[in-house]
Each structure stands twice: as structure tokens, then as C-alpha cells.
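**Q** Here is my input; please provide its structure:
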Amino acid sequence: MATGSELILWARWITPEPASSRFDTRFYMALAPAHSPPRPDGAETVDAAWMNPAQALERGEAGEIELVFPTIKQLESLLPYATADEAMDAARALDVEPIMPNVVSDAGSERGWRMLMPGDDGYKAPVV
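**A** Here you go, the predicted model:
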């Protein structure tokens, strides 16, 4: 059973090396206190709302909210969990390994490159 004061690491993402702007960010899980409204900080976060992962993905696909690739992938990873407690329990059991998509040449693709993710043939995990 989750407690309200826990902050649990869920994922770590590192920007692929070819990117001009790089980041190394972590995704955490925590339960918000009951009946607490979300509050944006007005600078980096200018709007906030509570929604489940499926709703966030739907709103992102509809263009109602902006979601970046790592956030989309993390929301997708939460879809199998029916409750916040289930997701928190899963997070506690994780051994979080950094995810850094590999950008590889692909002459057959429209862009001339493609991204490899963990689980894809040829993916190489970052050395950190």
C-alpha cells in the first residue's frame, strides 16, 4: 500500500547524443494529498490538471496539451495499472536503468534515420 509521503523513481531519460539540446531527467511517482488541486508554478508549468494516463494521451493526440516523446512513453508505461497504488507498487520493484534512444542511419526511412529504444534489435544502453 502506498503512503502519501513517498517519492519513487519511475524512469530516467537521457537525450540522444545527436540532439543539440541535451537533458538527463527523471520521472517520479508520488500520491498527491487528497483533495489537493494541482498548482502550476507560472514559469515552467503554466497550466495543471489531474488526469489519468489514458486521458493525458488522448488530450495530447487531440492537440489539447503538449507532450514530448519521453512523457508519452512514460504515460504509455502506466496504462496497464488500474490504480495509483498498483503503479506505486510496480515502481518500488523497479531497478531503473537510464533510457537513451539510439539514433541510427536508415536510408529507407523518410528522415534518413530512426530511433532505437530498449527492447529493439541493436539498441545499446547508455554508459553512465
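
**Q** CA only for contacts and neighbour counts going forward, please
**A** OK.

**Q** Now do the strands in the protein.
**A** Secondary structure of the chain (DSSP state E): strands located at 8-14, 24-29, 98-99, 102-105, 113-116.

**Q** between the ones you listed, which one is nearest to Glu64?
**A** Go through those one by one with CA to CA and the one that ends up closest to Glu64 is strand 24-29, at 22.0 Å.

**Q** which residues are in contact with the closest one?
**A** The contact list for strand 24-29, computed with CA atoms under 8 Å, 6 or more residues apart in numbering, reads Glu6, Leu7, Ile8, Leu9, Trp10, Ala11, Arg12, Trp13, Ile14, Thr15, Met88, Ala91.

**Q** again, 7 Å this time
**A** With contacts defined as CA atoms under 7 Å, 6 or more residues apart in numbering, strand 24-29 is touched by Leu7, Ile8, Leu9, Trp10, Ala11, Arg12, Trp13, Ile14, Thr15, Met88.

**Q** pretty sure the second one is in contact with Asp85, am I right?
**A** No. Contact status for Ile8 versus Asp85: not in contact, 11.9 Å apart, counting by CA atoms under 7 Å.

**Q** one step back: with mean neighbour count, distance to Pro126 and mean pLDDT as extra columns, can I get the strands of the chain in a markdown table?
**A** Formatted as a markdown table, the entries for the strands of the chain read as follows, by neighbours: other CA atoms under 10 Å; distance: least, CA to CA, whole Å; pLDDT from 0 to 100:
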| stretch | mean neighbour count | distance to Pro126 | mean pLDDT |
| --- | --- | --- | --- |
| strand 8-14 | 18 | 9 | 96 |
| strand 24-29 | 14 | 12 | 95 |
| strand 98-99 | 19 | 7 | 94 |
| strand 102-105 | 16 | 9 | 88 |
| strand 113-116 | 15 | 12 | 90 |
